[in-house]
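>>> Need coordinates for the following:
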Amino acid sequence: MHFCSQIQIMTAKVTRLDEIGRIVSKQAKVTVPPKSPSTPGRDRQKTVTLNNKTNAMNNHVNHDKENAEDVEMDVGSKDEEEQETGTDATMTAVNGDIQDPGAANQEEQEMEEDESRAEATFRHTFENISKLKETQLSPPCMENHGYAEMEPKSREKQSEDIGILFADLLDPSKGFVKDDKITLEVSVKADAPHGVSWDSKKHTGFVGLKNQGATCYMNSLLQTLFFTNKLRKAVYMMPTESDDCTKSVPLALQRVFYELQFSDKPVGTKKLTKSFGWETFDTFMQHDVQELCRVLLENMESKMKGTCVDGTIPKLFEGKMLSYIQCKHVNYGSNKTEAFYDIQLNVKGKKTVFESFDDYVKVESLDGDNKYDAGDYGLQEAEKGVHFLSFPPVLHLHLLRFMYDPMADANVKVNDRFEFPERLNLDKFLHKKEKSPANYILHAVLVHSGDNHGGHYVWCKFDDDVVSRCTKQEAIDNNFGGHDEDISVKHCTNAYMLVYIRETDILTNVLESHIPPTLVERLAEERRLEAQKRKERTEAHLYMSVQVLTEDHFYGYQGNDLFDSDKASFRNFKVKKSSTLSEFIEMLAENLKYPEDQLRVWPFQCRQNQTYRPTLLDIDSNLQKTVQEVSENESPWTVFVETVNPESGLKALPSFDKERDVLIFLKFYEPRTSTISYCGHMYVPISTKTAELLPDLCRRAGFPVGTPLLLFEEVKPNMLERLENYELPIEKMLDELMDGDILVFQREETDLSQYELPTAKDYYKDLYYRVEVTFCDKNIPNDPGFTLDLSLRMNYDAMANAVAQYLVTDPYLLQFFKPQSYREGPGNAIRCTYEGNLKDLLLYAKPKQPRKLYYQQLNIRINELENKKQIKCTWVNNKFKEEFYIQTKMEEKTVISYKIYTVQREDMLLEALNPSGATKSYRIEEIPKDQVNLGSDEVLIPVAHFHKEVFSTFGVPFLLKIKQYKFAVVVMGRVEYISEEDNDIRGNMQAKPWLGLDHINKTPKRSRYNYLEKAIKIHN
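Numbering: from 1, shown residues only. Next up is the predicted model:
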């Protein structure tokens, strides 16, 4: 006699061999297909199984912390190529596929032959079972390159593993033992593996979608829409030729659909989410697939307007219903026709889809206190309900498995059994029957599950990037819910959303000929460019970057050296490291449009004195050396390319004698405007007297020859040296003469002291302390602010004046704040009497980050504000609504932790108020009219809201007027009266009694993570 223990492992994770061993009989050697280590965090999923007999998907939605969602769709046994080749007259269309009467047998044969089948059955016969004392191990077996071995266990434990007592096994009347033998069978099933080389296209004919983090819900929806072939055709036909490839949602959707149809690997969705206007942060948000479906369909419908596919979305997804109210006794009522894209069905207390539809169209009686206002007829008894006028070709049924539980104050999931058929007829729910019957075939099942399930033929499951097959039973029956007793199905695994397709031509084939050639060409060009970029990335180690500067980059620069490396707009070249200097110069000549003899390369070099200047490159001796050698492996390599001035009329650059000449750069300082002007460069023989340079300097500055000049050498930051003896040769005048030295000159005047920075030396000293500071308004979130060049030696008044001048306001109407050291945002306020300088305020600024200070504009002068005491107050009226102007008698209450602490006396001085304490605030409110004058027998009792714990107070506390009675506390017959003084709360109420209202806090909770609160939005 055979005993069969059928055990199904329903998990989308790759089950480890030792995990399988703990599930199946511990006496068997169990063989499973190859597996990878299990991937953590994959127990919350949304999978899509498509019926093709409709089509397939399986993707994840991290809907909550404990559960996930699967969608299953039937994909059929024929691949697309076979479906496109035509049909025989005897074949019939089933779920958009063409099948002949022998299709079922063919599918069964395919199930037996499919090498990707993730299941196995093992059998072993144990002999002399009556003499078994401790343990007996079946022989090892191996299949599909993997096996699992179980440890020996006691015979009592073994019998528990197969779900039957060992004594019952041996009982002849039970029929398990024959000829003192028993045969055990173990069936093992596992899903397609993640994290290994699984060829979804080979095994199923389809590919999946990559998960960006928490985009499983989107993946399942995209697969569902992709297999809605009429919609896919319409998306392909949308005109996108002139669309921006980064912002066009239609183009991004066309790209995803095209790759799903023709790619052999899982398809990415980053370009699609980028077209939505989402950031990386948005792809880790948890959302509901139905919400995304509505938002995406609305977006597509608006983009299709005015095109050749205008109206496709409503034609496919829109149904009509009539909401009505009809009076029973008078001829009066109201009707409203509404469109719907999905139907929400109750699951609680319902067994099937049909019961939920009956409940949906159930007539509600409006009577008693709920009578209908019939206008001139007054309040009337009436009937309220809905009639379905039409159902769409693609019907989305949203099963309401999530309900609010007031006791738990949270949404809970309804895991009750809820059956839905593969074929659905809805004629009985139509107000008037349509020309064609409302026959639907199940297209997709969205399953919400604590674990995943899958794996067997006919239906296909799309689990993000992995596509596998599953049985019809697993896709439909196992997702009804209510599987508390079935160990093969997780009790929380159940359908959450159903997609039915009307038996029409919705699923007709989409061929490449249906795709506009312009779209195919554009997508092919995108792939070519992406392949080129990938090639560049893989070959990046073979190239080096060269940053080229010309004299145009030096003009207008006001700082040390010749340019600002952080702001300069270099001309960048990617040069092969193996290229020779000659080839590099040839490349420069071609790109800069100069002959080779009209340009010369001067590499920049860091000097020991912290300067960065051009230096000589001996081109003749280095011409055949590689660029990598010449640059000494520096990347990026920065060079100054000297070119012939087009106005000079020269045919080539003048020769440069590296032994006798030196390259000098010139700058002119204007004290009137405190600015520096670049005046070009020159080749100077080192024996030339400085006086011989003065006429050329005058001409470059636009002065008459002979104008007296002051000369300085720019040695390093904050160091300029005055050159005085112009009769000395340049090699003796300049200290350590080198190519790239800089001369700064200015006109010599009799009264330079009239200027703020009289000489170039003063300018460079001020420049040394100059810094860019960004000022942001603290009251504007993420304010980019404005940037000013300020001196680190500025005091508070100078800084305030500079900011006030920019804002066109009074400096005393500004308050400044230091930045926080640990995160972005304003910190402590800076007092207007601050004695330090700007350098002290920016002491803790992060390196290589913008230096920031925060400000706010005031209505009173800052010195007055700092002499006042700040008290946190809330103004409310007698309805506990916030108001700004109160024109009635008021009283002030102290509120701590949502409880009234004291009622302040009117004659109390403000100086006596102590605002210390983070939880203390003052509430100034209108006194209710019935509390203005209290009788001798009346008293006010403070009332606060709390839930379960008295420390969990919330809401708005208030005072309740009651008649004053003599209260007593009675314990075990002993009476203790509460004195009248204890009842008086008009004074300090610390440690005094208060009345608590214990109820659920229904105010919106602020999530710890703000991203969970955001609704889905498509911004483009």
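
>>> what's the single longest strand in this structure?
Counting by DSSP state E, the longest strand found in the chain is strand 949-963.

>>> which strands and helices sit next to whatever helix or strand comes next after that one?
Per DSSP states H and E, the first helix or strand lying C-terminal to strand 949-963 is strand 968-971. Other elements packing on strand 968-971 under the criterion 3 or more CB pairs under 8 Å, 6 or more residues apart in numbering; DSSP states H and E are strand 974-977. All C-beta spots, glycine's among them, are computed from the backbone N, C-alpha and C.

>>> what about the strands in the stretch 601-750 of the chain?
612-614, 637-643, 661-670, 675-685, 709-716, 719-723, 741-747 (DSSP state E, counting those that start in this stretch).

>>> Could you dump those strands into TSV with distance to Leu623 and mean pLDDT added?
Below are the strands of the stretch 601-750 of the chain laid out as TSV (distance: least, CB to CB, whole Å; pLDDT from 0 to 100):
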stretch	distance to Leu623	mean pLDDT
strand 612-614	19	95
strand 637-643	15	95
strand 661-670	20	95
strand 675-685	21	94
strand 709-716	32	93
strand 719-723	37	91
strand 741-747	27	95
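
>>> quick one on the thing from earlier: given the longest strand of the chain, what are its sheet partners and their directions?
When pairing is defined by DSSP bridges, strand 949-963 lines up against strand 938-947 (antiparallel).

>>> quick one, which of the strands of the stretch 601-750 of the chain is nearest to Thr307?
Of all these, it is strand 637-643 that lies closest to Thr307, at 51.2 Å by CB to CB.

>>> The closest one versus strand 675-685: what angle between them?
Computed by axes from the mean of the first three to the mean of the last three CA atoms, to 10 degrees, the angle separating strand 637-643 from strand 675-685 equals 80 degrees.

>>> Determine the set of other helices and strands touching strand 637-643.
Counting by 3+ CB pairs under 8 Å, 6+ apart, strand 637-643 packs on strand 543-549, helix 581-592, strand 599-606.

>>> For the longest one, buried residues please.
Read that as helix 581-592. 581, 583-585, 587-589 (16 or more other CB atoms under 10 Å).

>>> Turn those into JSON lines, including pLDDT and distance to Tyr901.
JSON lines is the format used below for these (pLDDT from 0 to 100; distance: CB to CB, whole Å):
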{"residue": "Leu581", "pLDDT": "93", "distance to Tyr901": "82"}
{"residue": "Glu583", "pLDDT": "93", "distance to Tyr901": "83"}
{"residue": "Phe584", "pLDDT": "94", "distance to Tyr901": "79"}
{"residue": "Ile585", "pLDDT": "93", "distance to Tyr901": "83"}
{"residue": "Met587", "pLDDT": "94", "distance to Tyr901": "79"}
{"residue": "Leu588", "pLDDT": "94", "distance to Tyr901": "78"}
{"residue": "Ala589", "pLDDT": "93", "distance to Tyr901": "83"}
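
>>> Reformat those residues as JSON lines; add distance to Leu395.
Output for the buried residues of helix 581-592, formatted as JSON lines (distance: CB to CB, whole Å):
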{"residue": "Leu581", "distance to Leu395": "72"}
{"residue": "Glu583", "distance to Leu395": "67"}
{"residue": "Phe584", "distance to Leu395": "67"}
{"residue": "Ile585", "distance to Leu395": "70"}
{"residue": "Met587", "distance to Leu395": "63"}
{"residue": "Leu588", "distance to Leu395": "66"}
{"residue": "Ala589", "distance to Leu395": "69"}
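
>>> in the stretch 851-1000 of the chain, which spans are strands?
With DSSP E, counting those that start in this stretch as the criterion, the stretch 851-1000 of the chain has strands spanning 851-857, 873-876, 890-896, 899-904, 920-926, 938-947, 949-963, 968-971, 974-977, 995-998.

>>> Mind checking the pLDDT average for the third one?
If you average the pLDDT over strand 890-896, you get 59.

>>> How about the longest one?
Here strand 949-963 scores 80 as its mean pLDDT.

>>> Equivalent analysis for stretch 355-365, please.
pLDDT averaged over stretch 355-365 gives 93.

>>> Would you indicate which residues of it are buried?
Using 16+ other CB under 10 Å as the test for burial, stretch 355-365 gives 355-357, 360.

>>> Take these and keep only those in helices.
Those of these mapping onto helices are 355-357, 360, per DSSP state H.

>>> Put together TSV for these, with distance to Glu949 on each row.
Rendered in TSV, the data for these read as follows (distance: CB to CB, whole Å):
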residue	distance to Glu949
Glu355	42
Ser356	40
Phe357	45
Tyr360	41
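
>>> can you redo the helices and strands packed on strand 637-643 as a markdown table with distance to Lys202?
A markdown table is the format used below for those (distance: least, CB to CB, whole Å):
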| stretch | distance to Lys202 |
| --- | --- |
| strand 543-549 | 37 |
| helix 581-592 | 47 |
| strand 599-606 | 55 |
